[in-house]
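> Can you look at this prediction? I've put the sequence above it.
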Amino acid sequence: MTTTANILSPARWKPFAGLADAVCRRAFSSPEAFLYEVTIAHALADVVTPELAKHSRGHVLDVGAGGGTVAARLVLDHELTVVALDPSAAQVRRAKRLAVRVPGLSACSGSAETLPFEDASFDSVVSSCAWKHWPNPAIGVKECLRVLRPGGTLAIIEIDGTVTPEAFWGFAKRSRVPFGMKHAYLRFAMRTVVGVAPSPSELAASFGDFPVATSSLKNAPFTIAVATRN
């Protein structure tokens, strides 16, 4: 009998590190952005938005916001004002179209390593599953902390790079990937996005000496790192 475990044993997907780097260490192209928004974005938002909302208040920056799905839910469900920032031109266009229908949401282009904002501009900064796309995550985290106001909180959620195929399969089933292609998506995800995702300790290390707390999301293959600026 074929199982998720023997389809994707570590010995079969670890050699794909080069592919993972090529796929993930850059902004999405227009076709990639479209596929992500159609298949993954809403499932991810279902999982991460409630967690990010716990650490958000006031004026929020969402770094690596994609098409703005999570940012829009923070506005609509939690009465926040949110700026959705992403390096992908296709995703920024999508987020700007969404912002027309969601008062309190705005969108702009930019990278985590060079945030186009003054110091202490936001009450909260959040990011979901974008850390692995940043060319230099440590610089990205430093920039996120820079634009926080005193007392503000930075919350970053990322895939747990130590997750097993069995654990990731639970999320794959929640996605909008067509049912007959879910195992193919699992193979792709384990070989690419999980391949460059950090372990919880690596995510924490990107904060340098800044105090940070990490924990696993319940029933989901993600880690959340939270830090508060004094």
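Here it is on my side, so go on.

> Mind listing the strands the longest strand along the chain pairs with, and their directions?
In the chain, taking DSSP state E as the definition, the longest strand is strand 148-159. Sheet pairing for strand 148-159, assigned by DSSP bridges, gives strand 122-128 (parallel), strand 222-228 (antiparallel).

> Give me the angle between the next helix or strand after that strand and strand 222-228.
Per DSSP states H and E, the first helix or strand lying C-terminal to strand 148-159 is helix 165-174. Angle of helix 165-174 versus strand 222-228, following axes from the mean of the first three to the mean of the last three Cα atoms, to 10 degrees, is 90 degrees.

> any idea how far helix 165-174 is from the chain center?
17 Å (Cα atoms, centre = their mean, to the nearest Å).

> And the longest strand of the chain, what's buried?
For strand 148-159, the neighbour count (16 or more other Cβ atoms under 10 Å) marks 148, 152-159 as buried. Where you see a C-beta, it was placed from the backbone N, CA and C, and this is true even at glycine.

> And stretch 164-172, by the same measure?
Buried positions in stretch 164-172, judged by neighbour count with 16+ other Cβ under 10 Å: 165, 168-169, 171-172.

> Can you give the distance from it to the centre of its chain?
17 Å.

> residues contacting the spatially most central residue of the chain?
Nearest to the geometric centre of the chain sits residue 129, at 1.7 Å (Cα atoms, centre = their mean). With contact set as Cβ atoms under 8 Å, 6 or more residues apart in numbering, residue 129 has these partners: 44, 48, 64, 157-159, 193, 222.

> where does the chain have low pLDDT?
1-30 (pLDDT under 70).

> all helices for the protein, in order.
4-7, 10-13, 17-24, 30-39, 41-53, 69-78, 89-101, 137-146, 165-174, 182-191, 193-196, 200-205 (DSSP state H).

> distance of the closest residue to residue 119 other than its chain neighbours from residue 63?
Distances taken as Cβ to Cβ, 6 or more residues apart in numbering put residue 146 closest to residue 119, at 5.7 Å, once the chain neighbours are dropped. According to Cβ to Cβ, to the nearest Å, residue 146 and residue 63 sit 12 Å apart.

> now residue 121
Residue 121 is 12 Å from residue 63, by Cβ to Cβ.

> So for those two, which residue has more residues nearby?
residue 63 (27 against 17; other Cβ atoms under 10 Å).

> From residue 84, how far out is residue 69?
Going from residue 69 to residue 84 by Cβ to Cβ gives 9 Å.

> When those two are compared, which one has more neighbours?
Using other Cβ under 10 Å as the criterion, residue 69 and residue 84 rank with residue 84 on top: 31 against 26.

> CA atoms of stretch 101-121 as PDB?
Only the C-alpha atoms of stretch 101-121 are listed here, as PDB (Å, rounded to 0.1, in the frame of the first residue of the first chain):
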ATOM      1  CA  ARG A 101     -13.400  46.900  -1.900                       C
ATOM      2  CA  VAL A 102     -11.900  46.900   1.600                       C
ATOM      3  CA  PRO A 103     -11.600  50.400   3.200                       C
ATOM      4  CA  GLY A 104      -8.700  50.300   5.600                       C
ATOM      5  CA  LEU A 105      -6.500  48.200   3.400                       C
ATOM      6  CA  SER A 106      -3.800  49.700   1.200                       C
ATOM      7  CA  ALA A 107      -1.000  48.100  -0.800                       C
ATOM      8  CA  CYS A 108       2.500  49.000  -2.000                       C
ATOM      9  CA  SER A 109       5.600  47.500  -3.600                       C
ATOM     10  CA  GLY A 110       8.700  46.800  -1.500                       C
ATOM     11  CA  SER A 111      11.100  44.300   0.000                       C
ATOM     12  CA  ALA A 112      11.600  43.200   3.600                       C
ATOM     13  CA  GLU A 113      15.200  44.200   3.500                       C
ATOM     14  CA  THR A 114      14.500  47.800   2.500                       C
ATOM     15  CA  LEU A 115      11.100  48.800   3.900                       C
ATOM     16  CA  PRO A 116      10.000  52.100   2.400                       C
ATOM     17  CA  PHE A 117       8.800  53.600   5.700                       C
ATOM     18  CA  GLU A 118      10.200  55.900   8.400                       C
ATOM     19  CA  ASP A 119      11.200  54.500  11.800                       C
ATOM     20  CA  ALA A 120       8.400  53.700  14.200                       C
ATOM     21  CA  SER A 121       5.600  54.000  11.600                       C
END
